[in-house]
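Trainee: this one's structure only:
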């Protein structure tokens with residue numbers, strides 16, 4: 001008798017990021033230290049060199065990770081000379097989370113500041129080339145309030 005499933009593994013969401021990194025073992029350790037991630041699963045490569053698949057959890061969300069493998073067209077941001085993707089994390093204290101990541105070796109890309117859409121928000125790049133935004137919602141805003149704030153922000157930027 002086979003076990004039935006609901007199609008989506010327990011503990012995962014419909015959309016789950018899957019990061020390709022160089023030196024996945026180091027990345028797992030870094031994500032734990034810098035972002036407070038929890039390791040859910042680690043599957044080494046059959047030859048014992050590298051990580052075939054890992055599952056990490058930050059808050060209530062998981063992300064997957066695997067070792068860079070050019071023969072399978074799985075390239076890290078280092079091989080691609082950057083990444084067009086940014087991962088977004090909501091936390092209770094954006095300033096503290098940002099500082100912890102930078103102290104652990106992340107590159108600050110945008111300092112944490114209050115933003116027109118109601119978040120306290122900043123951006124980092126991890127040592128493996130992935131971009132992360134870190135935010136705390138500080139004010140619930142309507143779409144109209146956000147649009148007004150955006151208009152004011154971009155008008156100010158145009159004058160700078």
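Mentor: Great, that's in hand. From a predicted model like this one, the values you see are computed outputs, not experimental measurements. Numbers count the residues shown, from 1 in each chain.
Trainee: contacts and neighbour counts: CA atoms only from here.
Mentor: Fine.
Trainee: and stretch 134-146, what's its mean pLDDT?
Mentor: If you average the pLDDT over stretch 134-146, you get 95.
Trainee: need the residues that contact that stretch.
Mentor: For stretch 134-146, the external contacting residues (C-alpha atoms under 8 Å, 6 or more residues apart in numbering) are 88-94, 97-98, 116-124.
Trainee: so where do the helices sit in this protein?
Mentor: 24-35, 77-80, 94-103, 143-159 (DSSP state H).
Trainee: what residues of the second one count as buried?
Mentor: Residues of helix 77-80 classed as buried: 77, 78 (neighbour count, 16 or more other C-alpha atoms under 10 Å).
Trainee: so where's this structure uncertain?
Mentor: 1-2 (pLDDT under 70).
Trainee: report the central residue of it.
Mentor: residue 87 (3.5 Å; C-alpha atoms, centre = their mean).
Trainee: and it, how far from residue 7?
Mentor: 24 Å (C-alpha to C-alpha, to the nearest Å).
Trainee: cool, and residue 133?
Mentor: Applying C-alpha to C-alpha to residue 133 and residue 7 gives a distance of 30 Å.
Trainee: what about those two, which has more around it?
Mentor: Taking other C-alpha atoms under 10 Å, residue 133 and residue 7 do not tie; residue 133 has more neighbours (19 against 7).
Trainee: now that one, which residues is it bridged with?
Mentor: residue 88, residue 123 (DSSP bridges).
Trainee: how about it, what does it touch?
Mentor: 86, 87, 88, 89, 121, 122, 123, 124.
Trainee: quick one: those residues as JSON lines, columns for distance to residue 112 too.
Mentor: Shown next, in JSON lines, are these (distance: C-alpha to C-alpha, whole Å):
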{"residue": "86", "distance to residue 112": "16"}
{"residue": "87", "distance to residue 112": "16"}
{"residue": "88", "distance to residue 112": "13"}
{"residue": "89", "distance to residue 112": "13"}
{"residue": "121", "distance to residue 112": "5"}
{"residue": "122", "distance to residue 112": "4"}
{"residue": "123", "distance to residue 112": "7"}
{"residue": "124", "distance to residue 112": "10"}
